[in-house]
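In: Here is my input; please provide its structure:
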Amino acid sequence: MTATEFDYIIVGAGSAGCVLANRLSAGGRATVCVIEGGGTESAPNVTVPAGILSLYGNPKYDYAFVGTPQPELNNRRIPVNRGKALGGSSTINSMVFIRGACSDYDEWRDLGCAGWGWDDVMPVFKSLEANQIGQSPEWHGTGGELFVSAARDPNVLDRMFIAAGRAVGLRENTDFNAGTQEGLGVYNVTQKNGTRWSSYRAFLKPVRERKNLTVLTGTETHRVVLDGTRATGVEVSDASGRRVLTARREVILSAGAIGSPAILMRSGIGPAAMLKAAGVAVAHDLPGVGQNLRDHIDGMITVRSRSTKTLGLSLANLPAMIAAPFRYLFARKGMLSTNYVEAGGFARTKFAGAEPDIQFHFVPGYRSHRGRLVEYGHGYAVHTCVLRPKSVGEIRLAKDGGAEIDHRFFTDPQDAKTLVEGIKIARAIFADSAFDEVRGPEMLPGPKVQSDAEILAYLRAEALTVYHPVGTCKMGRDALAVTDPATLKVRGIEGLRVADASVMPTLIGGNTNVPSMMIGERCARMVLSA
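Out: Numbering: from 1, shown residues only. Next up, the predicted model:
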């Protein structure tokens, strides 16, 4: 029979939670339970990089949240893909290894989060990393558990994209994590020997047999159990029904920027008026819970091509498709080795400050103009996102206990202006002669979309996100701060911390997977030093 009492309970086996579970269970002195709503991640479509196309929207691996209607985006409801498996979103993401700009963390420090500046977090990043590329030891670590590798078999179009960047003054950048992000290049990936290296595979799976570590899968966390203003456990349910698990020392929420605030609010911790409206008794009025939602809004350009040099499903490409399983099995190369967003980089629009304000994710294959995950034929595409958006949304608690995700995209008009300029820069890259041999018709936005007003109308109709929600339990010292920067404890509640992307006070300029692991490591050190 599974135990019901532990020293530490961690809710969420995602990017941060797996790190926490490893560190807190080391040494065997404390009993640790990590709770995951999803299940196993061992299927080939998870471990093989190209299997990512089968994960988004798949209820086995993806919570597949949908946001509230967005007035500035033609009242569309935007999909919010979040991982539902051991490893969390690191099990369904594109495996891009980006830490963000040094100045992002210095901004956190300057916003009242002492101890979170670049000089503070850089050693932590290095301690987690097992760099396989021989990159500079000034910027990279080799002794950690998180394998960082070069792409195994980058598509030839990646070089075209990098060469075309010269048309807009962008140099090649061979390491986006070495001081400056600006430029274009092939992304490094969180992979080991050509397979996905999620947070689960890096940190939790190797230690799962520890006798003091319990991993519960297929288990939903409903609320934190409180005794006055102290967290004493969590109420969960699985196939056997509901029960309470007790935490002798602490509960740590690592359920992500959607899950963590929702659990807090279901527990009666959050903005009093919102809780009352959802029919939840107020245990602790904490106005910042669910506020400060930030995400990278994204626009796409997609081009048809007849060239089989691009990734694609077609009769002409049938030989490569037949060979793909064998090439991957024996050499970890070929079509199945791609993470699709193989190349990309960072650039400045005319609105940029000290750092680039847009990021590209280049796909050497056709992205459907109809919104399909898989489309017959060939082509190439580029996603462009606003790195540091000014629009701020919120997570609200619905009466059924679910999360209402309101991004409020484009409510600050500067984000729209920046993304319009970003689309124009991406188009200038695609217009360069480097793409001549594979050139075809632009399907989206399409040749009739030229003026700024037309591009903006296109973005209102089609823009999505690159799935980097943060900030909804932010750390800080202001009135909307939910967590203490020095401890990540929830303000006003004993025995309860949050450690995931929700504690970020602002959105970093880049992908959020590895920064979330860093937050998990920092939290573990805080707990163990207490």
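In: can you list the weak-confidence ranges in the protein?
Out: Along the chain, segments meeting pLDDT under 70 span 1.
In: Tell me how it divides into domains.
Out: 5-43+199-293+470-529, 152-186+297-386+410-462 (automatic domain parsing).
In: just so I have it, where are all the helices in the stretch 151-300 of the chain?
Out: Along the stretch 151-300 of the chain, counting by DSSP state H, counting those that start in this stretch, helices occupy 156-164, 199, 256-266, 272-277.
In: winner for burial among those helices?
Out: helix 199 (a mean of 33; mean count of other Cβ atoms under 10 Å). To be clear about C-beta, it is placed using only N, CA and C from the backbone, and glycine gets the same treatment.
In: just to revisit the earlier point, if you compare the domains of the chain, which one is most tucked away?
Out: domain 5-43+199-293+470-529 comes out most buried of those by mean count of other Cβ under 10 Å, with a mean of 22.
In: How far away from the center of its chain is that one?
Out: On the basis of Cα atoms, centre = their mean, to the nearest Å, domain 5-43+199-293+470-529 sits 17 Å off its chain's mean C-alpha point.
In: end to end, how far does that domain reach?
Out: One end of domain 5-43+199-293+470-529 sits 22 Å from the other (Cα to Cα, to the nearest Å).
In: For this protein, which segments count as helices?
Out: Using DSSP state H, the helices found in the chain span residues 17-25, 44-47, 102-110, 118-128, 156-164, 199, 256-266, 272-277, 318-331, 413-430, 452-462, 513-529.
In: Quick one: closest of these to residue 190.
Out: Of all the helices of the chain, the one in closest proximity to residue 190, counting by Cβ to Cβ, is helix 513-529 (7.1 Å).
In: dump the residue contacts of residue 163.
Out: By Cβ atoms under 8 Å, 6 or more residues apart in numbering, residue 163 lies in contact with 432, 434.
In: Leaving out the residues flanking it, which one is nearest to residue 129?
Out: Among residues not flanking residue 129 along the chain, residue 141 sits closest, at 4.0 Å (Cβ to Cβ, 6 or more residues apart in numbering).
In: Run through the bridge partners of residue 395.
Out: residue 405 (DSSP bridges).
In: measure it to residue 241 for me?
Out: For residue 395, the distance to residue 241 (Cβ to Cβ, to the nearest Å) stands at 28 Å.
In: With distance to residue 191 added, can I get the helices of the chain in CSV?
Out: Formatted as CSV, the helices of the chain follow (distance: least, Cβ to Cβ, whole Å):
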stretch, distance to residue 191
helix 17-25, 16
helix 44-47, 10
helix 102-110, 24
helix 118-128, 15
helix 156-164, 16
helix 199, 13
helix 256-266, 22
helix 272-277, 41
helix 318-331, 12
helix 413-430, 26
helix 452-462, 30
helix 513-529, 12
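In: Residue 471 is nearest to which of these?
Out: helix 256-266 (6.6 Å).
In: Return the list of helices and strands in contact with the closest one.
Out: Secondary-structure packing of helix 256-266 (3 or more Cβ pairs under 8 Å, 6 or more residues apart in numbering; DSSP states H and E): strand 5-11, strand 220-227, strand 241-253, strand 394-397, strand 403-406.
In: could you redo the ones you listed as TSV and give each row distance to residue 78?
Out: Shown next, in TSV, are those (distance: least, Cβ to Cβ, whole Å):
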stretch	distance to residue 78
strand 5-11	25
strand 220-227	24
strand 241-253	24
strand 394-397	14
strand 403-406	8
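In: closest one to residue 105 among the ones you listed?
Out: Of the helices and strands packed on helix 256-266, nearest to residue 105 by Cβ to Cβ is strand 241-253, at 21.7 Å.
In: Now do that closest one against strand 5-11: the angle between them, please.
Out: 70 degrees (axes from the mean of the first three to the mean of the last three Cα atoms, to 10 degrees).
In: Isn't the residue nearest to residue 129 up against residue 135?
Out: No. The pair residue 141 / residue 135 is not scored as a contact, 10.0 Å apart, by Cβ atoms under 8 Å.
In: So what sits opposite residue 379 in the bridge?
Out: Counting by DSSP bridges, the residues bridging with residue 379 are residue 304.
In: My guess is residue 403 contacts residue 65. True?
Out: Yes. Here residue 403 reaches residue 65: they are 6.9 Å apart, a contact under Cβ under 8 Å.
In: Compare neighbour counts for the two and give me the winner.
Out: Shown here are residue 403 and residue 65; by other Cβ atoms under 10 Å, residue 403 has more neighbours (23 against 18).
In: Let me see the contact set for the more buried one.
Out: Neighbours of residue 403 in contact, by Cβ under 8 Å, 6+ apart: 65, 258-259, 261-262, 395-397.
In: Ok, residue 274 next?
Out: 265, 290, 396-397 are the contacts of residue 274 under Cβ under 8 Å, 6+ apart.
In: Quick check: closest non-adjacent residue to residue 49.
Out: Closest to residue 49 by Cβ to Cβ, 6+ apart is residue 339, at 4.7 Å.
In: Tell me the spacing between the residue lying closest to residue 504 once chain neighbours are set aside and residue 114.
Out: Closest residue in space to residue 504, ignoring its immediate chain neighbours: residue 470 at 4.2 Å, by Cβ to Cβ, 6+ apart. Separation of residue 470 from residue 114 (Cβ to Cβ): 20 Å.
In: go on, residue 340?
Out: Applying Cβ to Cβ to residue 340 and residue 114 gives a distance of 39 Å.
In: Residue 281 too?
Out: Distance from residue 281 to residue 114, by Cβ to Cβ: 35 Å.
In: cool, and residue 288?
Out: 18 Å.
In: who does residue 384 bridge with?
Out: residue 299, residue 360.
In: OK, contacts around it?
Out: Residue 384 touches 298-301, 358-360, 419, 422-423, 425-426, counting by Cβ under 8 Å, 6+ apart.
In: just curious, which of those residues is nearest to residue 344?
Out: residue 360 (4.4 Å).
In: what sits against the closest one?
Out: Residue 360 neighbours (Cβ under 8 Å, 6+ apart): 184, 343-347, 382-384, 426, 429.
In: if I look at it, how far off is residue 161?
Out: Distance from residue 360 to residue 161, by Cβ to Cβ: 8 Å.
In: Alright, calling it a day.
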